[in-house]
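[1] what follows is a predicted structure for the sequence shown.
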Amino acid sequence: MKAGSELAFSKIVKLYFRPLANYGFRFVRDEEFINDCVQEVFIEIWKRRERISVPDSVKAYLLSSVRRKLYRESSRQKFDAADFELDLANDASLSEEPFEWAWINDEQEQQIQAKVNAVLDELPRRQREVVYLQYFQNMSRDEIAETMGINPQSVSNLLQAAFKFIRTRWNGLST
């Protein structure tokens with residue numbers, strides 16, 4: 001891509017566009033706005049391709065770029081601060097279940113899912129973001145650090161704090 005290969009650039013766009021848009025949807029609930037931001041990130045990368053150094057992780061680089069772009073543009077668009085929050089409850093409820101489970105609709109399972117969603121919703125924003133990147137994007141600690149612009153130890157600290165918070169809240173819930 002750095003050498004000007006449109007085919008290489010096209011492959012990068014096809015591979016990462018949807019995951020980047022999904023990531024952006026965690027911050028802002030405006031699909032058109034998110035798609036525009038992701039497209040603008042790719043346009044900027046193409047324009048600066050010769051000057052961009054090859055990142056350790058393309059995925060982390062792109063996620064970080066989209067995150068910054070959304071933040072900058074959302075402040076210009078004057079979205080509410082609440083719009084720039086992660087919503088992991090929706091991710092947890094969108095997990096793929098076997099077809100038969102849709103028919104069974106077990107009430108106890110729904111109650112547990114509601115408790116998980118409630119606990120995830122209570123996490124502080126940065127802890128929710130780290131949990132999302134780790135478990136919903138399957139990113140490594142170093143990739144998360146690069147994406148969020150923090151050091152890897154901070155990622156570990158945020159994850160540990162999130163786990164502690166989840167354990168505390170979960171023990172307080174009756175099943």
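    Yep, it's here.
[2] tell me the domain ranges of this structure?
    Per the record, the chain has its domains at 1-85, 88-175, by automatic domain parsing.
[3] can you put the ones you listed in TSV and add mean pLDDT and mean neighbour count?
    (Each C-beta comes from the backbone N, C-alpha and C, glycine too.) Converted to TSV, these look like this (pLDDT from 0 to 100; neighbours: other CB atoms under 10 Å):
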stretch	mean pLDDT	mean neighbour count
domain 1-85	84	15
domain 88-175	76	15
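[4] now do the helices in this protein.
    6-25, 31-47, 58-77, 88-93, 99-104, 107-122, 125-135, 141-148, 152-171 (DSSP state H).
[5] return the residues in contact with R141.
    By CB atoms under 8 Å, 6 or more residues apart in numbering, R141 lies in contact with 134, 152, 155-156.
[6] centre-most residue in the protein?
    The centroid of the chain falls nearest to Y23 when counting by CA atoms, centre = their mean (3.8 Å).
[7] quick one: that residue and L62 touch, right?
    No: using CB atoms under 8 Å, Y23 is not in contact with L62, being 9.0 Å away.
[8] will you turn the contacts of R141 into TSV that also has distance to A114?
    Shown next, in TSV, are the contacts of R141 (distance: CB to CB, whole Å):
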residue	distance to A114
Q134	23
P152	34
V155	28
S156	29
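[9] looking at those, which two lie furthest apart in space?
    Q134 and P152 (12.2 Å; CB to CB).
[10] which residues are common contacts for those two?
    With CB under 8 Å, 6+ apart, Q134 and P152 have common neighbours 141, 144.
[11] how about the nearest residue to N151, chain neighbours excluded?
    Counting by CB to CB, 6 or more residues apart in numbering, N151 lies nearest to A145, which is 5.8 Å off, once chain neighbours are set aside.
[12] list the contacts of the one you found.
    Per CB under 8 Å, 6+ apart, neighbours of A145: 151-152, 154-155.
[13] again, but for V119
    Contact analysis of V119 by CB under 8 Å, 6+ apart lists 165-166, 169-170, 173.
[14] hmm, K59 is touching Y16, no?
    Yes: judged on CB under 8 Å, K59 makes contact with Y16 at a distance of 6.8 Å.
[15] coming back round to it: CSV for the contacts of V119, including distance to F33?
    Formatted as CSV, the contacts of V119 follow (distance: CB to CB, whole Å):
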residue, distance to F33
F165, 31
I166, 31
R169, 33
W170, 35
L173, 36
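[16] quick one: which of the residues you listed is nearest E129?
    Using CB to CB, the shortest approach to E129 within the contacts of V119 belongs to F165, at 13.9 Å.
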